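Trainee: mind looking at a prediction? Sequence and model below.
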Amino acid sequence: MSWRSQHAVKSALPMTRIAEAVRLLRAGALVAFPTETVYGLGADARNNAAVEKIFRLKGRPVDHPVIVHLPDASHLERWAKNIPDAAYQLAQTFWPGPLTIILQRHQDVPAIVSGGQQTIGLRIPNHPVALELLRAFNDGVAAPSANRFGHISPTTAAHVRDEFGDAVSMILDGGDCEVGIESTIVDLSGFAPRILRPGMISTAEIAAVLKRDVVSGNEIGRETPRVSGSLDAHYAPRSPLQLLSADEIAIQVQRAITSGQCMGVLAIDGRSPELPNIVWQSASGDPKVFAHELYSHMRKLDAQNLSLIIVQQVPKGEKWSAIADRLKRAAAGSGGAE
């Protein structure tokens, strides 16, 4: 998968829809739109009242920052200051694409988008609808995932409607999200680059561009900026979720059949067995396909009102690290846990 694969593709949406979305954003309304990662809940990032609507609708803590989406890299200087060369190198390589760069926030940028911090997260999404919207708006759009805070992220317009109904002024339907999980977040606001959230752009890919070591946030003894998706409990279904090995799943399934417990399973095995009381979803062994389908699988299982969802533990290694991160946080927050 090329991170720029959709860059030159024209949106199938009529320009009248884009123009109406721009009008709504400029009026302070919320517009949901697709990116290559997940659907975003967008507001004019320079409009405090509009961004406050995002926090209220999602139930998001006000100190939890949102990512600002830009039309192109020339807008960086309007949103950040003291921008290092590394930021331009990464932007040149990975933008448009699923990479968010943390930089020092420009003094003219409202603090609300940063949760009151002196840093800001910026990215250019790689989706034709998002790019047309951002270029027509010609400024930054604050857009966390378009779901209730802590719940499973949306990867289709239908998921957004399920979350918010008519509470969002417009939902731009751009089909399924290609990547399917949130962007990698790299912090360049300090003296050394570090990954604050893993994504499908790997640490090794970033290190290769920068020609230096890149570490995770907890490997450096300095304060870490708060970023989207960094809480221990996140991306969570309403049903309890457990991560088990294939052998442990077999044991749990047998127990559920015997006891009559209704249970969901997401397993990497290619099977779709018909078992009493068991809702079985088969996941791909390819990490890119697994990521693309993950939240859709989780939402389908969660809609069944099951007593338990079991997800097979994914393989170890960097190709699976972002998926493992999302599943760990989903398990921690599942079933209404905090």
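Mentor: Structure received.
Trainee: residue 311: what secondary structure?
Mentor: strand (DSSP: H, G, I helix; E, B strand; the rest coil).
Trainee: what is the burial count for the closest residue to it other than its chain neighbours?
Mentor: In space, and not counting its chain neighbours, residue 311 is closest to residue 266: 4.5 Å by CB to CB, 6 or more residues apart in numbering. Just so you know, the C-beta spots here come from the backbone N, C-alpha and C atoms, and that holds for glycine as well. Neighbours of residue 266 under the rule other CB atoms under 10 Å: 24.
Trainee: can I assume residue 266 is in contact with residue 298?
Mentor: Yes: between residue 266 and residue 298 there is a contact at 7.3 Å, judged by CB atoms under 8 Å.
Trainee: common neighbours of the two, please.
Mentor: Common contact partners of residue 266 and residue 298 (CB atoms under 8 Å, 6 or more residues apart in numbering): 309, 311.
Trainee: all strands of the stretch 151-300 of the chain, in order?
Mentor: 170-171, 184-187, 194-197, 215-216, 241-244, 263-267, 278-282 (DSSP state E, counting those that start in this stretch).
Trainee: where among those strands is the average confidence lowest?
Mentor: Of all these, mean pLDDT reaches its minimum on strand 215-216 (a mean of 86).
Trainee: any idea how far that strand is from the middle of the chain?
Mentor: A distance of 19 Å separates the centroid of the chain from that of strand 215-216, by CA atoms, centre = their mean, to the nearest Å.
Trainee: can you list contacts of it?
Mentor: Contacts of strand 215-216 (CB under 8 Å, 6+ apart): 192-196, 203.
Trainee: could the residues you listed be laid out in TSV, adding distance to residue 123 and neighbour count?
Mentor: Shown next, in TSV, are those (distance: CB to CB, whole Å; neighbours: other CB atoms under 10 Å):
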residue	distance to residue 123	neighbour count
192	20	14
193	15	24
194	17	24
195	14	22
196	13	21
203	17	20
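Trainee: including distance to residue 234, could these go into a markdown table?
Mentor: A markdown table is the format used below for these (distance: CB to CB, whole Å):
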| residue | distance to residue 234 |
| --- | --- |
| 192 | 26 |
| 193 | 23 |
| 194 | 19 |
| 195 | 16 |
| 196 | 13 |
| 203 | 20 |
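Trainee: residue 320: which of those is nearest?
Mentor: residue 203 (13.0 Å; CB to CB).
Trainee: next up, the contacts around the closest one.
Mentor: Per CB under 8 Å, 6+ apart, neighbours of residue 203: 195, 214, 216, 318.
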